[in-house]
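Engineer: Need a 3D model of the following:
(one chain, ligands or ions: 2)
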Amino acid sequence: MAAGDSLPAKTAHQMAVDGDQPPSKYIFNNTKFGPLKPLLLLLRCRSALTTWGCFQAVNHGLSDSYLDNLQQVTKQFFELPLEEKRKYFRETGSVEGYGNDMTYSENQVQDWCDRLFLQILPEDQRKLRFWPENPSNFRDTINDYTMKIKSISVVIFEAMAESLDLEEHCFSKHFTEEHDVLQGRFILYPPCPTPDQVLGLKAHSDRSGITLLLQDPGVEGLQVLNDGKWYMVPVIRDALFINLGDQMQILSNGIFKSPVHRVVTNKGKGRISVAMFTEPDPNK
Ligand SMILES: O=C(O)CCC(=O)C(=O)O
Ligand SMILES: [Fe+2]
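Structural biologist: Residues are numbered from 1 along each chain as shown. Ligands and ions are numbered 1, 2, ... in the order given. Prediction:
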């Protein structure tokens with residue numbers, strides 16, 4: 001078990017509902033998270049991935065209503081009473097399930113979010129006890145979205161290979177075989193009374209191949225670090241925000257970037273996002 005890891009007495013969501021101020025373990029000292037310049041819509045695969053490591057994907061074949069339904073199902077889960085969500089609480093020392101971020105050290109600043117983390121593929125490694133049965137269409141919705149995300153990710157991996165004049169399947173084959181991994185993180189960032197002192201998700205890069213993120217259609221919050229500055233990722237309705245993870249930075253010999261990113265909070269509105277992480281079979 002990780003040092004000092006524990007489930008919170010109250011989740012961030014419950015504190016927001018009760019109107020609590022974030023406790024000191026959520027506060028970044030000597031830092032203020034202010035408003036920033038918008039990130040430009042990135043159009044060209046290679047230049048986008050070498051300089052930013054991310055882009056917005058549109059025309060991906062998923063309709064507005066399809067993505068709205070995914071957002072709705074996620075929202076319905078987070079809106080369940082804590083007693084119901086508690087059934088899916090993660091175990092201490094393990095990330096899978098519903099709860100807060102894992103605590104790795106005593107001085108770790110907490111993220112102002114609740115999340116449900118699921119290992120979705122390979123199918124035989126699913127721990128269904130963490131998969132909500134309420135709302136009743138949650139599992140079917142995720143199963144269907146998984147298939148769609150897998151096919152979109154193949155197109156992206158192939159385009160990345162082609163943009164470097166490499167053989168088309170050279171990246172996709174590491175993420176689409178039987179034991180390759182897909183993880184899903186469903187995240188609620190509740191409104192926060194002190195957004196200039198608290199982060200929804202602290203700065204990190206993803207360890208994935210690529211991450212496919214469905215942002216909340218109504219609330220910004222994701223920021224990407226480039227050249228020492230933070231840029232807010234705009235919400236483009238029904239775009240999927242694609243960022244590379246560390247595995248792709250390594251596979252491309254560092255030509256493509258795995259960008260550092262974070263999520264800021266705001267006072268007025270909660271934000272929901274759904275992140276899907278493609279990873280190779282750990283044995284690879
Ligand atoms: O919620 C977001 O906008 C970003 C989520 C993210 O970066 C992650 O889950 O790794
Ligand atoms: Fe991330």
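Engineer: alpha carbons only for contacts and neighbour counts from here, please
Structural biologist: Will do.
Engineer: Which parts of the stretch 151-284 of the chain are strands?
Structural biologist: Counting by DSSP state E, counting those that start in this stretch, one finds strands in the stretch 151-284 of the chain at the ranges 181-189, 199-204, 210-214, 222-226, 229-232, 240-244, 261-264, 271-279.
Engineer: Ok, the stretch 1-150 of the chain next?
Structural biologist: 54-57, 97-99, 114-121.
Engineer: Which of these sits closest to residue 86?
Structural biologist: Residue 86 sits nearest to strand 97-99 of all the strands of the stretch 1-150 of the chain, at 7.6 Å, using CA to CA.
Engineer: buried set for the closest one?
Structural biologist: Residues 97-99 are the ones in strand 97-99 that count as buried (16 or more other CA atoms under 10 Å).
Engineer: could the strands of the stretch 151-284 of the chain be laid out in CSV, adding mean pLDDT and distance to ligand 1?
Structural biologist: Shown next, in CSV, are those (pLDDT from 0 to 100; distance: least, CA to the nearest ligand atom, whole Å):
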stretch, mean pLDDT, distance to ligand 1
strand 181-189, 98, 6
strand 199-204, 97, 7
strand 210-214, 98, 7
strand 222-226, 97, 5
strand 229-232, 96, 10
strand 240-244, 96, 9
strand 261-264, 98, 6
strand 271-279, 98, 5
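Engineer: How about the residues of the stretch 51-200 of the chain by ligand 1?
Structural biologist: For the stretch 51-200 of the chain, the residues in contact with ligand 1 (CA under 6 Å from any ligand atom) are residue 185.
Engineer: what pairs with residue 119 across the strands?
Structural biologist: Per DSSP bridges, residues listed as beta-bridge partners of residue 119: residue 183.
Engineer: ok, it - contacts?
Structural biologist: 96, 125-127, 181-184 (CA atoms under 8 Å, 6 or more residues apart in numbering).
Engineer: Residue 50 now?
Structural biologist: So residue 50 contacts 255-257 (CA under 8 Å, 6+ apart).
Engineer: Where does pLDDT dip in the stretch 1-150 of the chain?
Structural biologist: Applying pLDDT under 70 to the stretch 1-150 of the chain flags residues 1-3, 30, 32-44.
Engineer: List buried residues within the contacts of residue 119.
Structural biologist: When the contacts of residue 119 are checked for burial by 16+ other CA under 10 Å, the buried set is 96, 181-184.
Engineer: Pull the number of nearby residues for the spatially closest residue to residue 141 that is not a sequence neighbour.
Structural biologist: Spatially, and ignoring its direct neighbours in sequence, residue 141 is nearest to residue 70 (6.8 Å; CA to CA, 6 or more residues apart in numbering). Residue 70 has 19 neighbours, counted by other CA atoms under 10 Å.
Engineer: Surely residue 70 and residue 139 touch.
Structural biologist: No. If you go by CA atoms under 8 Å, residue 70 and residue 139 don't touch, sitting 10.8 Å apart.
Engineer: List the residues that are in contact with both of these two.
Structural biologist: Applying CA under 8 Å, 6+ apart, one finds that no residue jointly contacts residue 70 and residue 139.
Engineer: In the longest helix belonging to the chain, which residues are buried?
Structural biologist: As far as residue count goes, and with DSSP state H defining each element, the longest helix of the chain is helix 138-163. Residues 138-139, 142, 145-146, 149-150, 152-154, 156-162 are the ones in helix 138-163 that count as buried (16+ other CA under 10 Å).
Engineer: just to revisit the earlier point, now the two most distant members of the buried ones among the contacts of residue 119.
Structural biologist: By the measure CA to CA, 96 and 181 form the most distant pair in the buried ones among the contacts of residue 119, at 13.9 Å.
Engineer: who does the longest helix of the chain touch, helix- and strand-wise?
Structural biologist: Judged by 3 or more CA pairs under 8 Å, 6 or more residues apart in numbering; DSSP states H and E, the packing partners of helix 138-163 are helix 45-51, helix 64-78.
Engineer: Thank you, goodbye.
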